[in-house]
Each structure stands twice: as C-alpha cells, then as structure tokens.
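Q: compute the structure for the input listed below.
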Amino acid sequence: MTEKLNTVGLAHHFIKQYVKDGDFCIDATAGRGHDTVFLCRLVGEQGCVTAFDIQQDALNSTDSLLRESGLRDRARLILDSHENMEQYVRQETISCITFNFGYLPGGDHSVCTHAETSIPAIQAGLRLLKDGGIMSLCIYYGGDTGFEEKNELLQYLKTIDNRRFTVVTAEFSNRPNNPPIPVFIWKRI
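A: I've put the predicted structure just below:
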C-alpha cells in the first residue's frame with residue numbers, strides 16, 4: 001500500500017479498488033478539494049464527480065485545486081448541504097460517495113457537520129449508490145466539537161440494513177488525541 005497509513009489514506013486505498021474510468025461519484029463534503037481531485041483522476045474523462053459543500057470558501061479551494069490539476073471539466077461543484085444531494089443526482093447511479101465529517105481544515109471551527117444533517121445525507125447516499133457501489137466516511141471529532149456527532153453516527157451505522165449493505169467501522173488503537181474513524185460501506189449486488 002503506497003498511500004499514507006491514516007484515515008484518508010485508508011479511504012483512498014479502499015476507493016481505488018472499486019472506482020473505475022467512466023464512473024459517477026460524489027464528494028459529499030468537498031472541503032479543500034483533495035477527495036474531489038482524487039475521485040476525478042479515478043473516473044477519467046468519461047466520468048464525473050459531483051462535490052457538495054455549504055461553504056463557498058471550500059468550493060473556491062476545490063475549484064482552484066481542480067484547475068491546478070487540469071481536472072476542472074470532470075467535476076460539478078454545488079453550494080448546498082450534502083443532505084440535499086438527491087436533488088442533483090439520480091438514484092442508483094453512483095459508484096462511490098466520500099464523506100469527511102467535522103470542520104473545514106483551516107476554516108471556522110464553529111461551522112461543522114452535525115448528525116441532524118449528516119445522517120440524512122448518509123441515508124440519501126445509500127439510495128444513490130448503484131449495486132456494488134461504495135461509501136467512505138472519515139469521522140473527525142475531538143476538541144470542543146464532534147463527539148456528539150461521532151456517537152450518533154456510530155449508533156446510526158449499526159441500524160443500516162445488513163441484507164443490502166455491509167458496514168465496516170475501523171479504529172486506530174494506538175494513536176493519541178481522538179484519531180479519526182474510517183468507515184466503509186458496500187451496497188450488495
């Protein structure tokens with residue numbers, strides 16, 4: 001494995017096993033654009049990535065990174081909450097959805113994800129995934145934010161229909177300071 005052994009590195013390693021040229025993907029939390037660019041490279045010229053964020057600063061960063069990488073034509077950027085993604089994408093057409101829960105790196109920590117929108121976003125994402133599709137969640141928490149959302153997300157994940165989906169939650173047992181939690185979901189065929 002050549003990726004970094006952190007939450008994002010594990011997520012990228014997982015995603016690379018499933019996303020291929022021509023696929024349609026969603027970056028549900030665009031942030032600074034790194035997952036959007038990663039997905040754009042995987043989907044190739046025939047695919048497309050739709051990226052959501054509620055902060056214009058995040059979309060500006062994503063747009064800039066896409067342009068620097070020569071990938072701007074493979075992405076659609078939407079200023080809206082990830083819980084509304086079904087308004088923009090048809091059900092059962094998406095190969096991969098990524099989430100990074102928490103706050104915008106380098107941004108205002110008072111603007112962060114919350115379970116009351118994150119759980120409906122995951123539910124919407126599950127409906128958008130095509131058979132064999134995957135979802136990657138990186139749950140960041142700690143400091144003065146995130147513990148409540150983390151706990152609610154982890155409780156919700158246990159309720160996902162095990163006849164239709166496989167959910168794997170991992171943890172870094174020997175990392176200090178509330179390390180992020182990687183979660184991987186497969187939609188069964």
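Q: ok, which stretches of this structure are helices?
A: Counting by DSSP state H, one finds helices in the chain at the ranges 7-16, 34-43, 56-68, 115-128, 147-157.
Q: what average pLDDT does the second one get?
A: So the one you mean is helix 34-43. Computed over helix 34-43, the mean pLDDT rounds to 98.
Q: how about the fourth one?
A: With pLDDT averaged residue by residue, helix 115-128 scores 96.
Q: got the buried residues for that helix?
A: When neighbours are counted by 16 or more other CB atoms under 10 Å, the buried residues of helix 115-128 are found to be 115, 118, 119, 120, 121, 122, 124, 125, 126, 128. In short, each C-beta sits where N, CA and C put it, glycine included.
Q: my guess is residue 95 contacts residue 131. True?
A: No. If you go by CB atoms under 8 Å, residue 95 and residue 131 don't touch, sitting 10.3 Å apart.
Q: those two: which is more packed in?
A: Neighbour count, other CB atoms under 10 Å: between residue 95 and residue 131, residue 95 has more, with 23 against 9.
Q: quick one, what contacts the more buried one?
A: Residue 95 sits next to 18, 19, 20, 23, 24, 25, 129, 130, 132, 133, 134 when contact means CB atoms under 8 Å, 6 or more residues apart in numbering.
Q: again, but for residue 130
A: The contact partners of residue 130, by CB under 8 Å, 6+ apart, come to 92, 93, 94, 95, 187.
Q: sorry, back to before: which ones among the contacts of residue 95 map onto strands?
A: Members of these lying in strands (criterion: DSSP state E): 24, 25, 129, 130, 132, 133, 134.
Q: ok, these vs residue 169, which is closest?
A: Residue 169 lies nearest to residue 134 out of the ones in strands among the contacts of residue 95, by CB to CB, at 14.4 Å.
Q: what about that closest one, neighbour count?
A: Residue 134: 22 surrounding residues under other CB under 10 Å.
Q: return the distance of residue 11 relative to residue 94.
A: Distance of residue 11 to residue 94, given as CB to CB, to the nearest Å: 16 Å.
Q: same question, residue 4
A: 26 Å.
Q: so those two - more neighbours on which side?
A: Ranked by neighbour count (other CB under 10 Å), residue 4 and residue 94 place residue 94 first, with 23 against 11.
Q: which residues touch residue 127?
A: By CB under 8 Å, 6+ apart, the contact list for residue 127 reads 86, 91, 92.
Q: might one say that residue 122 is in contact with residue 113?
A: No. Counting by CB under 8 Å, residue 122 does not reach residue 113; the two are 10.9 Å apart.
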